Every structure is written in C-alpha cells, then in structure tokens.
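A.B. asks: I would like to see how this sequence folds:
(chains A and B)
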Number of protein chains: 2
Amino acid sequence: MPKFMDVHHGMKGITEEELRRAHDADLAIEEDERVHFEQAWADPESGTVYCLSEAPSADAVQRIHERAGHKADEVHAVPLVVR
Amino acid sequence: MPKFMDVHHGMKGITEEELRRAHDADLAIEEDERVHFEQAWADPESGTVYCLSEAPSADAVQRIHERAGHKADEVHAVPLVVR
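C.D. replies: The predicted model follows:
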C-alpha cells in the first residue's frame, strides 16, 4: 500500500492531548477509506503537524482528515523510504 | 533524546538510490554530533524529502546535513509523537 506524508500548518501551541484526540478521530474512521495513520509528529512552536499513513490514494487520506475535522494543507505520496 | 523532523525542498526526480546515498552520508558522520537519523521519506514528484531524527538540538541535525552536502530547508523539533 502506498505511503503518504501529510502536513498541517497553523497548529501553534498544540498540546499532546489535542494531537492524541485528533489522531484518534482519524483512527476511528480510517478503515472507511482503507487508510491507516501510522504516526504523527507535532512541533507546537511552528504549529506544524506531520502524519505518516498508508492509503490507496492522497484523496483517501484527505477525506479522512476532512471528516475528522482537520483538513491537511499538503498530502505527499512518499514512495521512497529509507532507514 | 529530542526528536526532529527536517524538510528538504527542490529534490524533484530524486531516485531511491540517491535517497539511499544521501541518507548513508548522514549515517556515516551522525555520531560526531550524537544525532541519529531514523528514517527518511521522499516525494520525487514535488521534490520533498522528510527526515526523522533523534538529536541533542536542531543545530546538530543541520550540521550533519550540511557536512553531508544537503542542508535542510527546515528543521522542526517534534516533541509530540503519537501512534
């Protein structure tokens, strides 16, 4: 399944609890679009949130985020991954 | 150890091999700054690369990237992480 990195701006001051709640809202409905949000990272200072997912398409990722109430500003397919 | 997400723009058309080589160049010297680059993801279409690391500071992350020949455009501390 393709991987995606999506980015949310304007989240200055986001707390651990708010990030958890937003992520849980995605997880609760992600199966409707065969998406799985694997991890999310937040920088409360710049207000940036990064979400890594597996999904059939960028649109599927965005539909889940929109329904969960937090549309992403960017959704990038990341077909290349290294460790 | 704090976590960081750094972003490189302008990498349109990056290949798996180029990403691997760039990541290996970081790994080869990362210990000099007590940095560890955990993973990197690339979107060859938009030319965006994301690197996740553990490091003592954003400056330490940037110093390794600069010495490896690929300065990051942004380095964000990501103190909040959820799965």
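
A.B. asks: List the contacts of the longest helix belonging to chain A.
C.D. replies: Identified as the longest helix of chain A according to DSSP state H is helix A:16-29. With contact meaning C-beta atoms under 8 Å, 6 or more residues apart in numbering or on different chains, helix A:16-29 is reached by A:35, A:37, A:40, A:42, A:49, A:51, A:64-65, A:67-70, B:80, B:82. Where you see a C-beta, it was placed from the backbone N, CA and C, and this is true even at glycine.

A.B. asks: Residue numbers of chain A in contact with chain B?
C.D. replies: By C-beta under 8 Å from any C-beta of the partner chain, the residues of chain A that approach chain B are A:3, A:5, A:14-16, A:19-20, A:23, A:38-46, A:48, A:50, A:52, A:76-83.

A.B. asks: Out of the residues you listed, which end up buried?
C.D. replies: A:3, A:5, A:14, A:19, A:23, A:40-44, A:48, A:50, A:52, A:76-78, A:80, A:82 (16 or more other C-beta atoms under 10 Å in any protein chain shown).

A.B. asks: Just the ones of the residues you listed in helices?
C.D. replies: A:19, A:23.

A.B. asks: Could you state which residue of chain A sits nearest its centroid?
C.D. replies: Centroid-nearest residue in chain A: A:Cys51, 3.5 Å away (criterion: C-alpha atoms, centre = their mean).

A.B. asks: so that residue sits right up against A:Phe37, yeah?
C.D. replies: Yes: under the criterion of C-beta atoms under 8 Å, A:Cys51 makes contact with A:Phe37 at 5.7 Å.

A.B. asks: re the thing from before, and the two most separated of the contacts of helix A:16-29?
C.D. replies: Using C-beta to C-beta, the contacts of helix A:16-29 span at most 22.5 Å, a distance reached by A:Arg67 and B:Leu80.

A.B. asks: Tell me, how many residues neighbour the nearest residue to A:Gly69 once chain neighbours are set aside?
C.D. replies: Nearest non-adjacent residue to A:Gly69, counting by C-beta to C-beta, 6 or more residues apart in numbering or on different chains: A:Ala25, 6.7 Å away. The tally of other residues near A:Ala25 (other C-beta atoms under 10 Å in any protein chain shown) stands at 16.

A.B. asks: any idea how far A:Ala25 is from A:Leu52?
C.D. replies: Distance from A:Ala25 to A:Leu52, counting by C-beta to C-beta, to the nearest Å: 17 Å.

A.B. asks: where does A:Cys51 land on pLDDT?
C.D. replies: Here, the pLDDT recorded for A:Cys51 equals 98.
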